[in-house]
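Q: Below are the sequence and a predicted model; questions follow.
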Amino acid sequence: MIRPLEEAGWDAAIEIVNGCWRSLYAGYVNPALLSGDGCRRRAVQLEREFREGRRAQYVWEEDGRVLGLLSAGDTADADRPGAFEIWRLYLAPKARGRGIGGQLLDYAEALARAGGHRETLVWAFRENLGALRFYERHGYRANRTAYLAEPYLACGVRLAKSL
């Protein structure tokens, strides 16, 4: 079930994000971001973002457990004014391969349409081939590649989909 993120689920959502960073990005993202200290800093940043409500935050919940996080809202990309951006789509390992990611993606696109947006964007690391394939299967196409300097020290690919 998809529902808005509530404070009681913040820790679970943060754990999912940090777990994904450590397991999916090792070997090509700045190792400092994957360290214990990097995960603690990300947890503080995420909690601040959740508290401030800068983006819409939704979770996939199953049997009372948060298994996925979707963060979405207006893009910060100056060359795509008015686009809707998926800032985060992360799943706990037990939620992967079950269609949950696709349902969260569909939900984000419905939010975009409801907000009058005509395009949805998402960034993924170039080496994250699983994510790139996932978005391409759902109709997204790469339209920009950029080196993401500090703190990432990795290449990113922006994918877009017209709605």
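A: That came through fine.
Q: Please count neighbours and contacts with C-alpha atoms only from this point.
A: Noted.
Q: most remote residue from the protein's center?
A: The outermost residue of the chain relative to its centre, with distances by C-alpha atoms, centre = their mean, is residue 63 at 22.6 Å.
Q: which ones are touching the residue nearest to residue 163 when sequence neighbours are not counted?
A: Leaving aside its sequence neighbours, residue 163 sits nearest to residue 118 (C-alpha to C-alpha, 6 or more residues apart in numbering; 5.0 Å). Taking C-alpha atoms under 8 Å, 6 or more residues apart in numbering as the criterion, residue 118 is in contact with 82, 83, 84, 112, 162, 163.
Q: For the helix or strand containing residue 13, buried residues please.
A: Element membership for residue 13, per DSSP states H and E: helix 10-24. For helix 10-24, burial by neighbour count (16 or more other C-alpha atoms under 10 Å) applies to 10, 12-22, 24.
Q: For that helix, name the packing helices and strands.
A: Counting contacts by 3 or more C-alpha pairs under 8 Å, 6 or more residues apart in numbering; DSSP states H and E, the secondary-structure elements packed against helix 10-24 are helix 36-52, strand 65-74, strand 84-91.
Q: Reformat these as a markdown table; add mean pLDDT, mean neighbour count and distance to residue 146.
A: Formatted as a markdown table, the entries for those read as follows, by pLDDT from 0 to 100; neighbours: other C-alpha atoms under 10 Å; distance: least, C-alpha to C-alpha, whole Å:
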| stretch | mean pLDDT | mean neighbour count | distance to residue 146 |
| --- | --- | --- | --- |
| helix 36-52 | 97 | 14 | 22 |
| strand 65-74 | 97 | 23 | 20 |
| strand 84-91 | 98 | 22 | 16 |
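Q: Take these and lay them out in CSV including distance to residue 107.
A: Supplementary listing: the helices and strands packed on helix 10-24 in CSV, determined by distance: least, C-alpha to C-alpha, whole Å:
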stretch, distance to residue 107
helix 36-52, 19
strand 65-74, 9
strand 84-91, 11
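Q: and for stretch 142-160, what are the contacting residues?
A: Looking at what lies outside stretch 142-160 - C-alpha under 8 Å, 6+ apart - the contacts are 28-30, 33, 119-127, 135, 140-141.
Q: Now, of these, which are buried?
A: Buried members of the contacts of stretch 142-160, counted by 16+ other C-alpha under 10 Å: 29-30, 33, 119-127, 135, 140-141.
Q: ok, and for the helix or strand containing residue 106, which residues are buried?
A: Taking DSSP H and E as the definition, one finds residue 106 inside helix 100-114. Along helix 100-114, these residues count as buried under the neighbour rule (16+ other C-alpha under 10 Å): 100, 101, 102, 104, 105, 108, 109, 111, 112.
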